[in-house]
Structures are given as structure tokens and as C-alpha cells.
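Undergrad: dropping the sequence and predicted coords here.
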Amino acid sequence: MLEIKENQELNVTNLLSYRGKLKQTELENIGKEMESYIQSAGAKRVGNPITATYELEGDEIDIELLMPIDKSIESMDKFDFKNQIKIVNAVVASYIGHPMGVQDACNQLNQYIMERRLQPITVGYNVTKKTDMLNPENTEIDVYVGISPNIL
């Protein structure tokens, strides 16, 4: 199931961020490294990871992985602390279904944006709202794309 809404906002505070090019198989290890760093800094993860994919090149992805945490911590070489991520005037695709279907939802969102001649100013930010390991069909993911308020 897919629902698309306009004029939405994504506003999350206290995030640990990793941005880089890596293979899909390496993504899980980065997530584990981030979890370890968060714990060693005395913080706790307070939400599901948010991902933003900038480019796919062969088997490599240029991705940003953002982990919401309960307080500010120091940045380090590999990970940056961000006080806030805020996207206003976003078009959001609210998707419920198997995670494998998210790409189709993104394609429909891009189609929606093109048909309405909207000007995207961010990549898509995937925010997992709910995961169900026993029944992956119940997974809920919102994809946010910031839209320029300018009319050209």
C-alpha cells in the first residue's frame, strides 16, 4: 500500500551520521560500528536508522546512514554528529509492505513529482517506522523528498 502526501516535514534531532561509498554487504557492518560508538559514548539509539542514497554505481552505493540518539556526542573521523536534520515542504511516500517493494514506491514517488512538475531539492530519505521480522509484509517506511517552494 502506498500513500503520497505533500507539504510534510521531517525533523529529527541528535543524529550520528556516516556518509560514504560502500558495497551493500558492508552497510550492516557500518551500522554495527555506529551502534558500538554510540554505546561507548554513553548514548542510546532512540529510533530506527534513516538512510539517504545519493548514487548507485555498480555494486557500490553512495549512502548516508543516520542514527537518532538520545543526546549529543562527539564526532569522530568516521562518524559525524548532527544536531538536527530538517526537511520542510517534503513530498512523502508512506509505504506499507515487504521492504523489497520500497524501490517501486520510490519510483512512484518520482513519477508523482515529475507529473506535478515539482522541483526536488534533496534525495529521498528513507525513514523506517515499523519493522516486523516475523511478517515483513507489515513493514512501514516513509520516503521524504524535499521540494523547492519556488515556482519557476
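TA: Great, that's in hand.

Undergrad: every contact and neighbour count from this point should use C-alpha atoms.
TA: Noted.

Undergrad: please enumerate the strands of this protein.
TA: With DSSP state E, the ranges of strands along the chain come out as 2-23, 50-57, 60-68, 80-96, 125-130, 140-146.

Undergrad: and of these, who's closest to residue 37?
TA: For these, the distance to residue 37 is smallest for strand 2-23, at 9.3 Å, taking CA to CA.

Undergrad: neighbouring strands - and their directions - for that closest one?
TA: strand 60-68 (antiparallel), strand 80-96 (antiparallel) (DSSP bridges).

Undergrad: can you add mean pLDDT, mean neighbour count and distance to residue 143 and give these back as CSV?
TA: Below are the strands paired with strand 2-23 laid out as CSV (pLDDT from 0 to 100; neighbours: other CA atoms under 10 Å; distance: least, CA to CA, whole Å):
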stretch, mean pLDDT, mean neighbour count, distance to residue 143
strand 60-68, 95, 20, 14
strand 80-96, 96, 19, 5
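
Undergrad: possible to save these as a markdown table with distance to residue 130?
TA: Compiled in a markdown table, the strands paired with strand 2-23 are given as follows (distance: least, CA to CA, whole Å):
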| stretch | distance to residue 130 |
| --- | --- |
| strand 60-68 | 15 |
| strand 80-96 | 9 |
